[in-house]
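Trainee: with the sequence up front, the predicted model follows.
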Amino acid sequence: MAMSKSTNTYNRQNWEDADFPILCQTCLGDNPYIRMTKEKYGKECKICIRPFTVFRWCPGARMRFKKTEICQTCSKLKNVCQTCLLDLEYGLPIQVRDAALKVQDDLPRNEVNKEYYIQNLDSQMSKFDPTQPSNSALKSKGASDLLLRLARTAPYYKRNRPHVCSFWVKGECRRGEECPYRHEKPTDPDDPLADQNIKDRYYGVNDPVAEKLMRRAAAMPALPPPEDRTVTTLYIGNLPENIVEEELRGHFYQYGEIRSLTLVPRAQCAFVQYTTRSAAEHAAEKTFNRLVIAGKRLTIKWGKSQGRQGTNEKSEPPPPLEPVPGLPGTLPPPPAFLHPFPPQMPPPPSRPNDFFNLHYAGGWGAWGAPPPPALHYPSQDPARLGAHAHASQPQT
């Protein structure tokens, strides 16, 4: 049993003796048949310096062995994993979570005060649900927009990779592919991520990972509403394959009354039209880059303005066709006598004689047979088709 001189050896009834650790899905690994070793009072907690039960396991193939770093009391106090010290619900550092929820850390830093504070928490947790966080501020606070943007929706198993082989860095590793460590270039020592402290992460101060995530959140794109106020339709992309219209309507009906919802299963997208513009803006603000269904983050975009799109099409004339070489130009317009009515005169009212195919010849009541068609095109002129002479002309 590992104990230091500062450990309170006479207060052993408050030492932790657990049967299973408090871990996140990433640290637990993807292997359903995991095997752990349990060492009772194996090490001291790196936060409260009290002996606790240490668990050690391998999360999967080609991964490094992991172990618990803090006791379960400190884990429940902050609602974090005992190994990576990230939030169990969002998978984010404590500094990011407390900044988003505006939670102030009231954990004392002094060793004596800290031990007294944690002992009181142990007695309180024994009366209530041990699965809930002990911090009352975390119980009352709900999810914020920042947490929904940065939260991890799936385990990040890349975090369990082995460490870099120090012999490979020196050029002296002779194991080759059998080496259990990574043969990669190590992190630059000047990189802030190379200097991480477990106490700073737990107290939420000077955490380089949290600062990186905060900068990423500040640079995230937004979804500005279109200028056309008539647009009340949202495009929903990256939908799961087996989603139904009732499930999708249940996610978007909470932001306002829906006029229509069109689901396109082949394209894995949908169009949600709200009755008011305010409801559409509220839905776009709450769901953009935040809504996750069946482990997939949905793509939210504004629909296009149909009226403006039609106006643009009418205002732009079609491009003129290029003339074909070798063909004549356009034909001249037909003469005026081919029109049944002059342009300046309106057509006469319908008469009973229209039924007998009689056309208007001029003036009211002047009805007769239609005039013979005039020869307009040269191909219809008999004089130009090789005819010799008319019957009225004398033959020579």
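Mentor: Now that the structure is in, tell me what you want to look at.

Trainee: CA only for contacts and neighbour counts going forward, please
Mentor: Fine.

Trainee: so where's the protein uncertain?
Mentor: 1-14, 124-143, 306-396 (pLDDT under 70).

Trainee: show me where it has its strands.
Mentor: 36-44, 51-57, 66-67, 233-237, 258-264, 269-274, 292-293, 296-297, 299-302, 359-360, 367-368 (DSSP state E).

Trainee: and the fourth one, which strands flank it?
Mentor: Going back to what we said before, that points to strand 233-237. strand 269-274 (antiparallel), strand 299-302 (antiparallel) (DSSP bridges).

Trainee: so which residues make contact with it?
Mentor: Strand 233-237 has contacts (C-alpha atoms under 8 Å, 6 or more residues apart in numbering) with 268-274, 280, 284, 298-304.

Trainee: out of these, who's nearest residue 82?
Mentor: Here the nearest of these to residue 82, counting by C-alpha to C-alpha, is residue 298; it sits at 31.4 Å.

Trainee: not counting its neighbours along the chain, what's nearest that closest one?
Mentor: Excluding the flanking residues, the one nearest residue 298 by C-alpha to C-alpha, 6 or more residues apart in numbering is residue 238, at 5.2 Å.

Trainee: residues in contact with that neighbour?
Mentor: Counting by C-alpha under 8 Å, 6+ apart, the residues that residue 238 touches are 268, 269, 296, 297, 298, 299.

Trainee: selecting buried members of those residues in PyMOL, what would you type?
Mentor: Selection of buried members from the contacts of residue 238 for PyMOL, criterion 16 or more other C-alpha atoms under 10 Å:
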select buried, resi 269+297+298+299
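
Trainee: which one of the contacts of residue 238 is nearest residue 191?
Mentor: Using C-alpha to C-alpha, the contacts of residue 238 come closest to residue 191 at residue 297, 30.6 Å.

Trainee: one step back: relative to residue 122, which of the strands paired with strand 233-237 is closest?
Mentor: strand 299-302 (44.3 Å).

Trainee: okay, buried residues for that closest one please.
Mentor: 299, 300, 301, 302.

Trainee: export that strand to CSV, keeping only CA atoms.
Mentor: Below are the C-alpha coordinates for strand 299-302, written out as CSV (Å, rounded to 0.1, in the frame of the first residue of the first chain):
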residue,chain,number,x,y,z
THR,A,299,-26.5,20.1,-41.3
ILE,A,300,-28.8,23.1,-41.0
LYS,A,301,-29.1,25.7,-43.7
TRP,A,302,-31.6,28.3,-44.8
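
Trainee: ok so, going back, which stretch among the strands paired with strand 233-237 comes nearest residue 30?
Mentor: strand 299-302 (27.5 Å).

Trainee: list of residues touching the closest one?
Mentor: Here strand 299-302 makes contact (C-alpha under 8 Å, 6+ apart) with 223, 225-226, 231, 233-238, 284, 287-289.

Trainee: got it, and stretch 44-54?
Mentor: 2-3, 7-8, 15-18, 38-43, 67-71, 74, 111, 114-115, 118, 199.

Trainee: select only the buried ones of the residues you listed in ChimeraX?
Mentor: In ChimeraX syntax, the buried subset of the contacts of stretch 44-54 is picked out as below (16+ other C-alpha under 10 Å):
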select :15,16,17,18,38,40,41,43,67,68,69,70,71,74,115,118
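
Trainee: export the contacts of strand 299-302 to CSV and tack on distance to residue 187?
Mentor: Conversion of the contacts of strand 299-302 to CSV gives the following (distance: C-alpha to C-alpha, whole Å):
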residue, distance to residue 187
223, 36
225, 42
226, 44
231, 49
233, 47
234, 43
235, 41
236, 39
237, 37
238, 35
284, 39
287, 36
288, 34
289, 31
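
Trainee: and which of these is nearest residue 209?
Mentor: Distances from residue 209 to the contacts of strand 299-302, taken by C-alpha to C-alpha, are shortest for residue 289, at 21.0 Å.

Trainee: gap between the closest residue to that closest one other than its chain neighbours and residue 286?
Mentor: Sequence neighbours aside, residue 149 is the residue nearest to residue 289 in space, at 6.3 Å (criterion: C-alpha to C-alpha, 6+ apart). Using C-alpha to C-alpha, to the nearest Å, residue 149 is found at 10 Å from residue 286.

Trainee: and the longest helix seen in the chain, what does it pack against?
Mentor: Identified as the longest helix of the chain according to DSSP state H is helix 111-125. Applying 3 or more C-alpha pairs under 8 Å, 6 or more residues apart in numbering; DSSP states H and E, one finds that helix 111-125 contacts helix 72-78.

Trainee: send the alpha carbons of the helix it packs on over as PDB?
Mentor: Coordinates of each C-alpha in helix 72-78 appear next as PDB, following Å, rounded to 0.1, in the frame of the first residue of the first chain:
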ATOM      1  CA  GLN A  72     -14.300   8.500  -6.800                       C
ATOM      2  CA  THR A  73     -15.200  11.300  -4.300                       C
ATOM      3  CA  CYS A  74     -13.200  13.800  -6.300                       C
ATOM      4  CA  SER A  75     -14.700  12.400  -9.500                       C
ATOM      5  CA  LYS A  76     -18.300  12.800  -8.300                       C
ATOM      6  CA  LEU A  77     -17.500  16.300  -7.000                       C
ATOM      7  CA  LYS A  78     -16.700  17.500 -10.500                       C
END
